[in-house]
Structures are given as structure tokens and as C-alpha cells.
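Undergrad: coords please:
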Amino acid sequence: IGSVLVPFTANGTPAVAQYRVSTDGGRVPWALHVLEIEGGLVRHISSFLDLEAGLFPLLGLAPRLD
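TA: Okay, the predicted model is just below:
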């Protein structure tokens, strides 16, 4: 509850960054979801948990939402 999804592009494909609610307020990186689209439909979703991997800043995404 309370997650925020931010659309972006990963390797030319649609993706969303998911931020979860932090215990100190605001939202912190949680997961990246990369969509594989075929024929206008989502064929596959690859999800990557960030869990301190620091992927968000590498992709130009905010390290935190307040």
C-alpha cells in the first residue's frame, strides 16, 4: 500500500520504477519492472528488486521520493 510507480524507458522498452513507503516517511526504491510488449500487449514483465543495489540513480531515477 502506498507504492508509487514512475514510468521510464529501459533499453528502449517501457518500464516502471516502484518506490515503497519508507519507515521515516517518503518513498525509497523497491523494484524495477521492464515490460516486453508484443502486438500491443504485455507479453512478459521482468522485475528486479533494487534492495540497495543502487540501480535507480544509474538509470537517472530519483534515489528517493519525499
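Undergrad: Closest to the geometric centre of this structure, which residue is that? Let me know.
TA: The C-alpha lying nearest the average C-alpha coordinate of the chain belongs to Ala17 (Cα atoms, centre = their mean; 1.4 Å).
Undergrad: what's the helix or strand hosting that residue packed up against?
TA: Assigned by DSSP states H and E, Ala17 belongs to strand 13-21. Under the contact definition 3 or more Cβ pairs under 8 Å, 6 or more residues apart in numbering; DSSP states H and E, strand 13-21 sits against strand 4-10, strand 27-38. From N, CA and C alone the C-beta is placed, and that goes for glycine too.
Undergrad: what's the angle from that strand to strand 27-38?
TA: Here strand 13-21 runs at an angle of 160 degrees relative to strand 27-38 (axes from the mean of the first three to the mean of the last three Cα atoms, to 10 degrees).
Undergrad: Now tell me what touches strand 13-21 from outside.
TA: Residues from elsewhere that reach strand 13-21 (Cβ atoms under 8 Å, 6 or more residues apart in numbering): 1-9, 27-37, 56, 59, 61, 64-65.
Undergrad: and the lowest-mean-pLDDT helix or strand in the chain, how far from the chain's centre?
TA: Sorting the helices and strands of the chain by mean pLDDT, DSSP states H and E puts helix 55-58 at the bottom, at a mean of 92. In terms of Cα atoms, centre = their mean, to the nearest Å, the centre of helix 55-58 is set 10 Å apart from its chain centre.
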